[in-house]
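K.L.:
what follows is a predicted protein model with its sequence.
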Amino acid sequence: MSFFKLAKNSLDDQQMIKQRQKQLQENWKISSSEHLFAVDKDLSVANKRNCENMVGAITVPLGLAGPVQINSEFFAKDKGDCFVPLATSEGALVASVSRGLKAINQAGGAKVFIKNQGMTRAPVFALPDGEAALAFAKYLEQKETLSSIKKITESSSSHLEFQNLQSFVRGRNVYVRFSFLTGEAMGMNMVTIALQKLWTEYLSAYEGLEMLALSSNVCTDKKSSYINQLLGRAYSAQAEIFLSEQILSTVLKTSTKAFLRTHHSKNLRGSNLAGSSAHNMQFANVVAAFYLATGQDLAHVIEASQGETIIEAEQNGLYCAVVLPNLPLGSVGGGINLPTQREVRQLICQNETELTPAQLAAILATGSLAAEISGLAALSSHDLAGAHQRLARGGAKQ
């Protein structure tokens with residue numbers, strides 16, 4: 001039984017929220033609600049599509065790191081300077097990313113490469129036996145079948161483009177990983193709707209075939225997985241920079257030898273000892289803060305923070321790179337159009353008010369690179385605890 005009882009047809013969104021707030025105040029022990037219940041008219045639209053039983057809103061501090069120079073095909077040469085917005089309650093994070101961005105700027109800006117790998121969904125199908133499962137997997141690869149799949153799925157949305165599929169036979173089950181381009185949207189729901197349509201109008205007619213689940217975890221969303229690290233999902237990003245000995249010394253307060261030794265012992269051997277497939281220091285810090293600031297689906301943090309930090313010695317410095325193979329994000333849909341997140345995206349780049357998903361991925365990758373550079377430097381110089389003491393404990397005013 002629902003706690004809230006509302007006459008929905010007679011109330012607008014803001015009135016519905018106020019009614020829920022009133023019922024909480026009358027029937028539930030509440031010590032304070034001044035900030036939680038402060039929902040303005042613009043934010044109340046979230047009651048329609050972003051949050052059920054909405055009673056209020058949570059305020060998270062927003063910091064801006066940068067701006068930083070980003071060298072990428074997705075930015076014009078005079079439009080590559082951008083802030084990295086970070087919504088976080090973790091003291092020292094914005095300061096650390098800012099220090100990393102300072103080092104990147106002094107090195108000439110980050111080179112960033114982005115590829116749209118496509119949004120995936122992987123239904124699992126059952127057949128009478130292994131022979132039938134192998135035959136179905138082979139059927140899916142036929143030219144006529146692929147043509148029908150493309151026609152039916154793309155008819156579900158004008159923004160959808162079928163890319164490919166991969167089949168994995170296990171016993172008498174077939175896991176099929178479909179991949180689609182989804183325009184400016186993150187597109188997970190778009191793909192799900194398209195595959196339901198494919199089943200209803202086409203695949204359900206295949207003799208002996210049963211769809212066990214529309215999603216089988218081979219997609220893979222909102223979980224860590226090797227398949228996404230190898231094949232990518234949504235946007236994959238790589239950001240790189242060469243840091244000279246001078247920058248390492250003056251900006252990051254460390255040396256090539258100390259930095260490289262820390263990376264090897266922590267990100268490589270330490271991750272291996274722990275059985276972790278994410279060979280990085282703190283991707284999740286930046287991904288979570290960036291996703292929250294820009295309106296992305298926060299549950300994707302676990303897969304988006306998979307990835308690898310690469311540090312290699314060069315003459316008079318270090319080559320530094322981060323690889324994030326799985327960044328589900330968009331510039332339309334979901335929480336993207338919430339008023340605060342929309343305003344945040346509009347201030348990121350001075351000459352770009354409507355950022356594309358590829359541009360957002362490039363900015364996120366650059367912020368992640370900055371965080372790795374600064375964090376590893378702080379560890380190598382034994383200043384990490386001191387930085388948190390000064391910044392996260394209120395010891396310094398910004």
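P.N.:
Here it is on my side, so go on. Numbers count the residues shown, from 1 in each chain.
K.L.:
which residue ranges form the helices in the stretch 1-150 of the chain?
P.N.:
13-27, 46-49, 93-106, 130-140, 143-154 (DSSP state H, counting those that start in this stretch).
K.L.:
tell me which of those sits most buried.
P.N.:
Mean neighbours per residue, mean count of other CB atoms under 10 Å, is largest over these for helix 93-106, with a mean of 24. (Glycine included, C-beta is placed from N, CA and C.)
K.L.:
contacts for that helix?
P.N.:
The contact list for helix 93-106 (CB atoms under 8 Å, 6 or more residues apart in numbering) reads 63-69, 84, 86, 88, 110, 241, 243, 247-248, 251-252, 285-286, 289, 366-367, 369-375, 377-378, 387, 391, 398.
K.L.:
one more time with 6 Å
P.N.:
Residues from elsewhere that reach helix 93-106 (CB atoms under 6 Å, 6 or more residues apart in numbering): 63, 65-66, 68-69, 86, 110, 241, 247, 251-252, 285, 367, 370-371, 373-375, 391.
K.L.:
now stretch 371-387: mean pLDDT?
P.N.:
Mean per-residue pLDDT for stretch 371-387: 81.
K.L.:
and that stretch, how far out from the chain middle?
P.N.:
Stretch 371-387 sits 24 Å away from the centroid of its parent chain (CA atoms, centre = their mean, to the nearest Å).
K.L.:
please apply the same query to stretch 51-61.
P.N.:
Between the centre of stretch 51-61 and the centre of its chain there are 21 Å (CA atoms, centre = their mean).
K.L.:
what about the strands in the stretch 201-350 of the chain?
P.N.:
210-213, 233-244, 308-314, 317-327 (DSSP state E, counting those that start in this stretch).
K.L.:
got CSV for those strands, with mean pLDDT and distance to K150 too?
P.N.:
Listed next are the strands of the stretch 201-350 of the chain as CSV, based on pLDDT from 0 to 100; distance: least, CB to CB, whole Å:
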stretch, mean pLDDT, distance to K150
strand 210-213, 97, 19
strand 233-244, 96, 20
strand 308-314, 95, 34
strand 317-327, 96, 24
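K.L.:
which among those is found nearest to I302?
P.N.:
Each of the strands of the stretch 201-350 of the chain was scored for nearness to I302 using CB to CB, and the closest is strand 317-327 (9.8 Å).
K.L.:
tilt between the closest one and strand 233-244?
P.N.:
170 degrees (axes from the mean of the first three to the mean of the last three CA atoms, to 10 degrees).
K.L.:
can you give me the buried ones in strand 317-327?
P.N.:
Neighbour-count burial for strand 317-327, with 16 or more other CB atoms under 10 Å as criterion, is recorded at G317, L318, C320, A321, V322, V323, L324, P325, N326, L327.
K.L.:
show me the contacts of helix 93-106 that map onto strands.
P.N.:
G63, A65, G66, V68, Q69, L86, A110, I241 (DSSP state E).
K.L.:
ok, and the most crowded of those residues?
P.N.:
A110 (29 neighbours; other CB atoms under 10 Å).
K.L.:
can you pull the contacts of it?
P.N.:
Residues near A110 by CB under 6 Å, 6+ apart: I70, I104, A239, I241, T366, L369.
K.L.:
ok, L329 next?
P.N.:
By CB under 6 Å, 6+ apart, the neighbours of L329 are M186, Q296, P357, L360.
K.L.:
tell me the spacing between the residue lying closest to it once chain neighbours are set aside and E308.
P.N.:
Closest residue to L329 apart from its sequence neighbours, by CB to CB, 6 or more residues apart in numbering: Q296 at 4.8 Å. According to CB to CB, to the nearest Å, Q296 stands 21 Å off from E308.
K.L.:
neighbour count winner among the two?
P.N.:
With neighbours defined as other CB under 10 Å, Q296 and E308 compare such that Q296 has more, 27 against 19.
K.L.:
against P328, how distant is the more buried one?
P.N.:
Taking CB to CB, one finds Q296 at 8 Å from P328.
K.L.:
likewise S277?
P.N.:
For S277, the distance to P328 - CB to CB - is 18 Å.
K.L.:
between the helices of the stretch 1-150 of the chain, which one is closest to D40.
P.N.:
Of all the helices of the stretch 1-150 of the chain, it is helix 13-27 that lies closest to D40, at 8.4 Å by CB to CB.
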